[in-house]
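K.L.:
Need coordinates for the following:
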Amino acid sequence: MSEQRFAAARTNRRPAVTLRIRPGKIIREGKRGEQGRLICFLRKEYSEGGNNKNFPCSRIPFSRDGCPASVLLIKLLLHRCPFERTMSPMPTVSLALGDHSYDAHVSNGSLDSVGFFSRRARLSGKAALITDTNVYPQYGERVKRSLEDADYVVSVHVVDAGEKSKSLDTVSRVVEEMIRAGHDRTSFVVALGGGVVGDLAGFVASVYYRGIPYVQIPTSVMAQVDSSVGGKTAVDVPSGKNLIGSFHQPRFVVADPITLLSLPERVLREGMAEMVKHAAIRRPKMLVTLRQLADELPIGFSLSSIERLPSLIAENIEIKARIVEEDERELADVRAFLNFGHTLGHGIEASVPYGELLHGEVVSLGIRAALFLSHKHVGLPARDEAEVLNTLSSLQLPLQLPEKVDPASALQHVKADKKFRGGKIRFVLLKKLGEPVVSEEVTSDDLAEALAHLGTTPRLRKS
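P.N.:
Prediction:
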């Protein structure tokens, strides 16, 4: 995609927004004698196209365990230096899907604008906020307040954090809670969290009253750049991941990159695997950017990188958006390109107890296996393979199969994957960087050979 087209996709021709931030106060929350946490109160007012909307007294926690100095500085400046300015439109990516078209808005601090965007999307009725035990203490009340400031009645439904919540039992429990809270077909669901919450909440919305609207508020790297966009919703069953699901597009997506700063370093790194995947199949130049960011991950990004994060995330969303537009329901081979690195990755993930390997970590292993098979079957140049491997290595993502993984078990789980069609695996390979293909020539013996290759120490070269 040309830079001009990408720029147009990001701004989406939205009118400029005037933002006013009024002085507030900073307090320390906690019992006497305890450190507690700092809370910043701000009053934010938006004006768009002559329409004014107030969001009084936004309550912004600095972080339970402290936060990077750059983020603290931003919040202190906002507090001590009230200002009024006209902002250029935030990075916005549009998905043209006919009656199901929508926008993904990406901006630092956009979490406080969920109510604003809900009204602009003409959503009515009650809001069911679905989140998990990790995310709710950090951002749940803030999003709830944004919705209530926009005159919505909000019910909150908190599930246990982790993949185990992606189950039919959890769906049944949340649906029962929504019924007791008085939700009907005019209501809408707000999915606040990472990929698990997005998949679960989207599926709940797709089946409640035979389908009600929902919005995605992703708070992890993987969710912001990948799973929140495209309309795939699902839950797991004992036989495999995401085997029960539906296509149900959100009404909009709001991605606030500042939420990524609260993630543990390991979780931040594993999410970057999805960006590497996007770069490999569509935007090879992004690999350089990712390697440059790698050194900043332990400190939560530099101030300049925080300012660039919205554009980087929007670029990844745009890659996914264009693929989804071409093949929304994965009936052709185009959307299958997004499975690059996932086929063996899912098999590896399913072969170990939940949580021992994170999703992005197994995707990294799956990407190395896919590069090996790409070189064997379609002649992927060694320099292209090296560039992707160097990027994964710089992000400190795993490239060698841990001893706890049983290759035979991983292979067995791959054969239960929904990517098999007519007994044949549909495997995504790379002819060269930016040129993926779907092959049905990869055999079970090839997969076993790739798993054996993952047991060896990678020999990184200069790309």
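
K.L.:
where does the stretch 301-450 of the chain have low pLDDT?
P.N.:
301-304, 417-423 (pLDDT under 70).

K.L.:
Going along the chain, name the strands of it.
P.N.:
420-421, 424-425, 427-432, 435-439 (DSSP state E, counting those that start in this stretch).

K.L.:
hey, which of those is tucked in deepest?
P.N.:
strand 427-432 (a mean of 22; mean count of other Cβ atoms under 10 Å). In short, each C-beta sits where N, CA and C put it, glycine included.

K.L.:
Dump the strands of the stretch 301-450 of the chain to JSON lines, plus distance to P310.
P.N.:
Converted to JSON lines, the strands of the stretch 301-450 of the chain look like this (distance: least, Cβ to Cβ, whole Å):
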{"stretch": "strand 420-421", "distance to P310": "38"}
{"stretch": "strand 424-425", "distance to P310": "37"}
{"stretch": "strand 427-432", "distance to P310": "28"}
{"stretch": "strand 435-439", "distance to P310": "27"}
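
K.L.:
So which of the ones you listed is nearest L97?
P.N.:
strand 435-439 (21.9 Å; Cβ to Cβ).

K.L.:
Can you give the distance from the closest one to the centre of its chain?
P.N.:
24 Å (Cα atoms, centre = their mean, to the nearest Å).

K.L.:
Repeat that for stretch 382-394.
P.N.:
In terms of Cα atoms, centre = their mean, the centre of stretch 382-394 is found 23 Å from the chain centre.

K.L.:
List every C-alpha atom in that stretch, with coordinates, as CSV.
P.N.:
Listed next in CSV are the C-alpha coordinates belonging to stretch 382-394 (Å, rounded to 0.1, in the frame of the first residue of the first chain):
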residue,chain,number,x,y,z
ALA,A,382,18.4,-17.1,3.1
ARG,A,383,18.8,-13.4,3.6
ASP,A,384,15.0,-13.0,4.0
GLU,A,385,14.9,-15.8,6.5
ALA,A,386,17.8,-14.2,8.4
GLU,A,387,16.1,-10.8,8.6
VAL,A,388,13.0,-12.3,10.2
LEU,A,389,14.9,-14.5,12.6
ASN,A,390,17.2,-11.5,13.6
THR,A,391,14.1,-9.5,14.4
LEU,A,392,12.6,-12.2,16.6
SER,A,393,15.9,-12.7,18.3
SER,A,394,16.3,-8.9,19.0
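
K.L.:
Any buried residues in that stretch, and which?
P.N.:
384-394 (16 or more other Cβ atoms under 10 Å).

K.L.:
Next: stretch 356-374.
P.N.:
357-374.

K.L.:
Leaving out chain neighbours, which residue sits closest to Y136?
P.N.:
V158 (5.1 Å; Cβ to Cβ, 6 or more residues apart in numbering).

K.L.:
right, and that neighbour touches T131 too?
P.N.:
Yes. In this structure, V158 is within contact of T131 by Cβ atoms under 8 Å, at 5.9 Å.

K.L.:
Mind checking which of the two has more residues around it?
P.N.:
T131 (27 against 21; other Cβ atoms under 10 Å).

K.L.:
Now do the SS call for the more buried one.
P.N.:
Taking DSSP: H, G, I helix; E, B strand; the rest coil as the rule, one finds T131 in the strand state.

K.L.:
Tell me who's in contact with the spatially closest residue to it that is not a sequence neighbour.
P.N.:
Of all residues not flanking T131 in the chain, L192 sits nearest, at 4.2 Å (Cβ to Cβ, 6+ apart). Counting by Cβ atoms under 8 Å, 6 or more residues apart in numbering, L192 touches 129-131, 135-136, 139-140, 143, 217, 219.
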